[in-house]
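Asks: sequence unavailable; structure follows:
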């Protein structure tokens, strides 16, 4: 008799003003993993609006969320408010401490840091906020995927697809992960070579940083508050 594969429970937190591709990129992969059950989590079952106006409906509240094998936190401007939200940080901490894999995309890693889950770990995040990981006792790494024991953190936004495929290979096999990649036709050949600070050049990097200056200042203040609550700095 063929053995039925055990169900893998994956919880993906969403929140107002998140960057939707941080969530939808890995979700598209996770939903194709055999025997995976993906829970889309928020405080209430009501539409959550992303930073660009996309409405996403949660499937499960934080209160009703079952035990998770994997927790995944996206990023985006809304992450700033999340870091000061005691209910969410407590939820992430408690579920992360019991999860098989603790994961994030983009600045979702700062939420993991605020929950005390990255101290002593290498981690990645969006290039504009990478240095903020040090406030949580983490070592920043410039990479699409950063793996340190059971902490798997992605770089900015599109790296969530990479993270999803890597996790799929751990949960199943490389062959299945490759098949998911093919089904998504994930074979990026961008029209421009400006997808990283190194390839974009210093002038464009300075322009993007200037545009985001107010948000980055708010994020840093939230990071410092979270680190102070943890007693790290």
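Replies: Received the coordinates, thanks. Remember, it's a predicted structure, so these values are computed and weren't measured experimentally.
Asks: rest of the way, CA atoms for contacts and neighbours
Replies: Fine.
Asks: contacts for the lengthiest helix in the chain?
Replies: Taking DSSP state H as the criterion, the chain has its longest helix at helix 213-230. Helix 213-230 has contacts (CA atoms under 8 Å, 6 or more residues apart in numbering) with 77, 80-81, 83-84, 110, 114, 116, 128-129, 132, 135-136, 233.
Asks: now it: mean pLDDT?
Replies: Throughout helix 213-230, pLDDT has a mean value of 97.
Asks: that helix: how far from the chain's middle?
Replies: 18 Å (CA atoms, centre = their mean, to the nearest Å).
Asks: in helices, which of the contacts of helix 213-230 appear?
Replies: Checking these against DSSP H, those in helices are 80, 81, 83, 110, 114.
Asks: count of neighbours near the residue nearest to the first one when sequence neighbours are not counted?
Replies: Same thing as residue 80. Among residues not flanking residue 80 along the chain, residue 219 sits closest, at 5.4 Å (CA to CA, 6 or more residues apart in numbering). By the criterion of other CA atoms under 10 Å, residue 219 has 22 neighbours.
Asks: could you report the distance from residue 219 to residue 150?
Replies: Counting by CA to CA, to the nearest Å, the gap from residue 219 to residue 150 is 26 Å.
Asks: same question, residue 89
Replies: Distance, residue 89 to residue 150, by CA to CA: 19 Å.
Asks: so where's this structure uncertain?
Replies: 1-5, 233 (pLDDT under 70).
Asks: which stretches in it count as helices?
Replies: In the chain, the segments counted as helices under DSSP H are 20-30, 79-83, 86-98, 108-114, 159-171, 174-183, 197-200, 202-211, 213-230.
Asks: list the buried ones in the last one?
Replies: The one in question is helix 213-230. 216, 219, 220, 222, 223, 224, 225, 226, 227 (16 or more other CA atoms under 10 Å).
Asks: before we move on, what about stretch 179-195?
Replies: Result for stretch 179-195 [16+ other CA under 10 Å]: buried residues 180, 181.
Asks: and the contacts of that stretch?
Replies: Residues from elsewhere that reach stretch 179-195, judged by CA under 8 Å, 6+ apart: 29, 32, 33, 165, 199, 200, 201.
Asks: biggest separation within the residues you listed, which pair?
Replies: Within the contacts of stretch 179-195, two members stand farthest from each other by CA to CA: 33 and 201, at 37.7 Å.
Asks: tell me which of those two has more neighbours.
Replies: residue 33 (22 against 11).
Asks: the more buried one contacts residue 168, correct?
Replies: Yes: look at residue 33 against residue 168 with CA atoms under 8 Å: they come within range, at 6.4 Å.
Asks: quick one: residue 143 from residue 83, how far?
Replies: Taking CA to CA, one finds residue 143 at 23 Å from residue 83.
Asks: thinking again about what came up before, what would the contacts of stretch 179-195 look like in TSV with distance to residue 120?
Replies: Listed next are the contacts of stretch 179-195 as TSV, based on distance: CA to CA, whole Å:
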residue	distance to residue 120
29	29
32	32
33	30
165	25
199	30
200	31
201	32
